[in-house]
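Quick one, what's the 3D model for this:
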Amino acid sequence: IEADFCGYHSKIQAVKLINTSNLTVMDYEGIPSSIRDQIEASAFRNLVKHLRDRPEVSNMALMTLSGFCRNCLGKWVTIAARDVGRFGAMDEATRAKLLKGSYEEFVGQAVYGMEYSEWKKKHHTKPSDVEMEAYNASKGLHAIHEKDKLKEVDPSEVCCVDVDACEVKVGGLAS
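Next comes the predicted model:
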């Protein structure tokens with residue numbers, strides 16, 4: 001299948017699905033969570049590097065095609081930082097950074113590699129009417145974020161719990 005979108009030409013191969021029930025498959029869930037965390041963190045860093053190396057690919061094109069963009073990644077990082085800050089074992093200075101750091105700080109440092117406003121000045125272009133139409137048509141695919149979790153949290157509002165006794169949930173996944 002070949003398609004043009006936002007000035008990018010893509011070739012997508014149609015894939016025939018096969019029955020894999022008789023194949024031996026690695027049991028990803030059986031890998032210890034600490035190792036999975038390392039694998040997934042490395043994959044995230046590679047995704048961020050890939051996006052930083054391609055600033056010509058607009059956030060709007062990403063949203064239209066995949067339902068998420070660089071800003072979504074920044075929101076997910078912010079939410080994960082809040083979750084870890086609430087429940088993780090760490091010193092109070094680190095906890096305060098995770099709970100009080102702004103979304104703009106997290107998205108800039110973790111995703112863009114610079115302040116978002118700086119990235120936007122360097123790389124953002126106004127979308128065409130065709131791009132806006134495609135973006136609006138794809139809104140059903142767009143990521144949904146828990147806006148209340150993006151707000152700063154006062155570290156004094158975090159209850160003291162025995163972190164070994166509770167299950168930490170980051171991004172909705174138990175770890």
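
Only C-alpha atoms from now on, for both contacts and neighbour counts.
Will do.

measure residue 151 to residue 98 for me?
To residue 98, residue 151 is 11 Å away according to CA to CA, to the nearest Å.

which one of these two has more residues nearby?
residue 98 (23 against 16; other CA atoms under 10 Å).

got the CA coordinates for the helix or strand harbouring that one in PDB?
Using DSSP states H and E, the element containing residue 98 is helix 92-100. The C-alpha trace of helix 92-100 is given here as PDB (Å, rounded to 0.1, in the frame of the first residue of the first chain):
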ATOM      1  CA  GLU A  92      12.800  14.100  49.800                       C
ATOM      2  CA  ALA A  93      14.600  16.500  47.400                       C
ATOM      3  CA  THR A  94      14.100  14.000  44.500                       C
ATOM      4  CA  ARG A  95      10.500  13.500  45.600                       C
ATOM      5  CA  ALA A  96       9.900  17.300  45.500                       C
ATOM      6  CA  LYS A  97      11.400  17.500  42.000                       C
ATOM      7  CA  LEU A  98       9.100  14.800  40.700                       C
ATOM      8  CA  LEU A  99       6.000  16.100  42.300                       C
ATOM      9  CA  LYS A 100       6.500  19.800  41.700                       C
END
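
how about residue 73, what does it touch?
For residue 73, the contacting residues are 107, 111, by CA atoms under 8 Å, 6 or more residues apart in numbering.

what do you get if the cut-off is 7 Å, keeping everything else the same?
Residue 73 is in contact with residue 111, counting by CA atoms under 7 Å, 6 or more residues apart in numbering.

swap in residue 26?
Counting by CA under 7 Å, 6+ apart, residue 26 has no contacts.
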